[in-house]
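S.K.: Sharing a model that was predicted from the sequence below.
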Amino acid sequence: MSSVWRNWAGNEEARPRRVLRPTGTDEVAAAVKDAVDAGLRVKPVGSGHSFSGAAVAPDVQLLLDGMDGLCSLDEATGLVTVEAGMPLWKLGPLLAVHGLALENMGDIDRQTISGAISTGTHGSGVRFGGIATQVRALELVLADGSVTTCSPTERPELFAAARVGLGALGVLTRVTLQCVPLFALHARDTAMPVGETLERAQEFADTHDHFEFFWFPHSTTTLTRRFWRLPGDAPLRPIGAVARRLDETVSGLGFEGLNRLGTRFPSLVPPIARFAARAMSSREWTDHSYKVFASVRDVRFHEGEFAIPREHAADALRELKRWIDAHDERVSFPLEVRFSAADDIWLSTAHDRDSCYIAFHQYHRMPYQRYFRACQDILGDFGGRPHWGKMHDLGADELRSRYGRFDDFTALRDTLDPTGVFANSYLDRVLGPAPEAPVRRPV
């Protein structure tokens, strides 16, 4: 009986026929060749923090935790090459020792660098793109077991596609990043009425280095979060013990207990959400960027997220609020709203447009399907593109019209992997099956 792999949220699982832990590119290439000879599909997996089925391995699972090393680092240029299994929580401190930092990060650092870029992980800031925009070169193993590299000057089309490649083009083995000098962030959390936040969101996004906010739909208050970038040698004032305890009110054991109570007694969810909104109080602190960008997420949840043109942010959020109120939907987690710059990556959710990201969550023990479908439909009406690592049920026909280079991506996939060596049911749904993929019998 094969062992069962589950992702962090517990909503995706796999029973691979083989589980391998390669320690280098050569071993990855050998594993791919062996799988092809046996007629099996291959999927690498990092930390399992995707909520979608992007990393589900139907046949051969490659665990990349043995490929988490630093390959090279140039303090003068800021170019850093790491193995694909390097987790972000390890990368941040490693870079800081050398006076460097990632230009921008998301709000969770549990992902591996390859998983983060492959699914389009992003942070906030209208002058900054997602993590994939910081990539300068990639090494990957293709479906025939060969090893190739790509960059803006070497196989540029592959580079344009593989930075957010969904694992469909090959197995990433090394990533070269353009890092920046170490910097600090001054953070200010401020509670603000919903109406004022929606009216001023675009202003805040434009006048701060990074801006985001959280809104429990049953409450009338948002928590706005604003960051200013400071030199790396700026005086630090890390978050204190009391503030950290307040954080645990909405992300630690206390919030877990409240959600369990709401699961058993759904009528308590709105007052619990209002209590949690009040608990997220105003505060300020300063620390190195990697310690400020990422937050602890101890309470498990399901999550979806869509990117819409940033000018539609307020209208979309009002529509979501109207639907929740009209359907008496019990939502115990906040909506998270962030803003990001446009980029040129083919399947990036920010491709060719400045974007507002609206993430919706629900406690993992509570029903979520109706709420998530409504969010998908409402945000889809605003041109929403789903985060590839989060939950949605859209297929290739629906996604094609939302991405100007969608057909270019699938054509490249069809050329590089015509038999679907790197496919699984998720990729078959969102990209369409590979053209020469054999009929697979159920495992």
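M.R.: That came through, no problem. Just so we're clear, the structure is a prediction, and the values are computed from it rather than from any experiment.
S.K.: which residues touch the helix or strand R429 falls within?
M.R.: If you go by DSSP states H and E, R429 is part of helix 425-431. With CB atoms under 8 Å, 6 or more residues apart in numbering as the test, helix 425-431 has contacts from 52-54, 56, 58, 166-168, 388, 394-396, 399, 409-410, 413, 420, 437. Using the backbone N, CA and C atoms, a C-beta is placed for each residue, glycine as well.
S.K.: so who does L95 touch?
M.R.: Contacts for L95 (CB under 8 Å, 6+ apart) come out as V80, A101, L102, C179, L182, Y290.
S.K.: what's the distance between it and R136?
M.R.: From L95 across to R136, the span is 15 Å (CB to CB, to the nearest Å).
S.K.: Repeat that for A350.
M.R.: Using CB to CB, we find A350 at a distance of 18 Å from R136.
S.K.: hang on, A184 packs against K291?
M.R.: No - proximity of A184 to K291 does not meet the contact threshold set by CB atoms under 8 Å, at 9.1 Å.
S.K.: more crowded one of those two?
M.R.: Between A184 and K291, A184 has the larger neighbour count (other CB atoms under 10 Å), namely 23 against 19.
S.K.: Which of the three states applies to the more buried one?
M.R.: Counting by DSSP: H, G, I helix; E, B strand; the rest coil, the backbone at A184 sits in strand.
S.K.: need the next SSE after the host helix or strand of A359, C-terminal direction.
M.R.: Using DSSP H and E, the element containing A359 is strand 355-363. Where DSSP H and E defines the elements, the next helix or strand beyond strand 355-363 is helix 369-381.
S.K.: which residues in the protein form helices?
M.R.: All helices of the chain, identified by DSSP state H, fall at 25-37, 88-97, 113-118, 156-162, 194-207, 241-251, 253-264, 269-279, 289-293, 313-326, 369-381, 396-400, 406-416, 425-431.
S.K.: Using CSV, write out every CA atom in the fifth one.
M.R.: What follows is the C-alpha trace of helix 194-207 in CSV, where atoms were taken according to Å, rounded to 0.1, in the frame of the first residue of the first chain:
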residue,chain,number,x,y,z
VAL,A,194,-14.5,49.9,5.9
GLY,A,195,-16.0,52.8,4.0
GLU,A,196,-12.9,54.9,4.5
THR,A,197,-10.6,52.1,3.6
LEU,A,198,-12.4,51.4,0.3
GLU,A,199,-12.4,55.1,-0.6
ARG,A,200,-8.7,55.5,0.1
ALA,A,201,-7.3,52.2,-0.9
GLN,A,202,-5.9,53.4,-4.2
GLU,A,203,-4.4,56.4,-2.5
PHE,A,204,-2.7,54.3,0.2
ALA,A,205,-1.4,51.9,-2.5
ASP,A,206,0.2,54.7,-4.4
THR,A,207,1.7,56.6,-1.4
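S.K.: what's in contact with it?
M.R.: Applying CB under 8 Å, 6+ apart, the contact partners of helix 194-207 are 126, 211, 213, 215, 219-222, 224, 226, 310-311, 313-314, 317-318, 337, 339.
S.K.: Kindly recompute the last result at 7 Å.
M.R.: 126, 211, 213, 215, 220-222, 224, 226, 313-314, 317, 339 (CB atoms under 7 Å, 6 or more residues apart in numbering).
S.K.: Over to the fourth one?
M.R.: Outside of helix 156-162, the residues that reach it under the criterion CB under 7 Å, 6+ apart are L138, L140, C150, S151, P152, L169, D344, I345, W346, F409, L412.
S.K.: Quick check: the farthest pair among those residues?
M.R.: Farthest apart among the contacts of helix 156-162 by CB to CB are L140 and D344. That separation is 19.4 Å.
S.K.: Give me the more crowded residue out of these two.
M.R.: Using other CB under 10 Å, the more surrounded residue of L140 and D344 is L140, with 24 against 13.
S.K.: that older thread, A350 and R136: who's more crowded?
M.R.: Legend: neighbour count by other CB under 10 Å for A350 and R136, higher for A350 (24 against 18).
S.K.: contacting residues for that one?
M.R.: A350 touches G129, G130, A307, S340, A341, A342, D343, counting by CB under 7 Å, 6+ apart.
S.K.: Now intersect those residues with the strands, please.
M.R.: Among these, the ones falling in strands (DSSP state E) are A307, S340.
S.K.: can you tell me how far the residue nearest the centre of the chain sits from R127?
M.R.: Geometric centre of the chain, nearest residue: T121, 3.4 Å, by CA atoms, centre = their mean. Here T121 is placed at a distance of 18 Å from R127 (CB to CB).
S.K.: again, but for W5
M.R.: As for W5, its distance to R127 is 38 Å (criterion: CB to CB).
S.K.: Which one's more surrounded, these two?
M.R.: Using other CB under 10 Å, the more surrounded residue of W5 and R127 is W5, with 18 against 14.
S.K.: Show me what that one is bridged to.
M.R.: A14 (DSSP bridges).
S.K.: need the contact list for it.
M.R.: W5 is in contact with E13, A14, P16, Q61, counting by CB under 7 Å, 6+ apart.
S.K.: any chance of those residues in TSV, with pLDDT and neighbour count too?
M.R.: Shown next, in TSV, are these (pLDDT from 0 to 100; neighbours: other CB atoms under 10 Å):
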residue	pLDDT	neighbour count
E13	95	11
A14	94	23
P16	96	24
Q61	98	24
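S.K.: ok, now which ones touch H392?
M.R.: Counting by CB under 7 Å, 6+ apart, H392 touches G304, Q376, P386.
S.K.: could I get those as CSV with distance to Y363 and neighbour count?
M.R.: CSV is the format used below for those (distance: CB to CB, whole Å; neighbours: other CB atoms under 10 Å):
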residue, distance to Y363, neighbour count
G304, 14, 25
Q376, 19, 20
P386, 21, 24
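S.K.: As TSV, the residues you listed with distance to A276 and pLDDT would be great.
M.R.: Shown next, in TSV, are the contacts of H392 (distance: CB to CB, whole Å; pLDDT from 0 to 100):
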residue	distance to A276	pLDDT
G304	20	98
Q376	24	98
P386	26	98
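S.K.: What is the nearest of those to D74?
M.R.: Looking across the contacts of H392 and measuring by CB to CB, the closest to D74 is P386, at 36.3 Å.
S.K.: in the sheet, who's paired with the closest one?
M.R.: Under the criterion used (DSSP bridges), P386 bridges to F306.
S.K.: number of nearby residues for R6?
M.R.: If you count neighbours by other CB under 10 Å, R6 ends up with 12.
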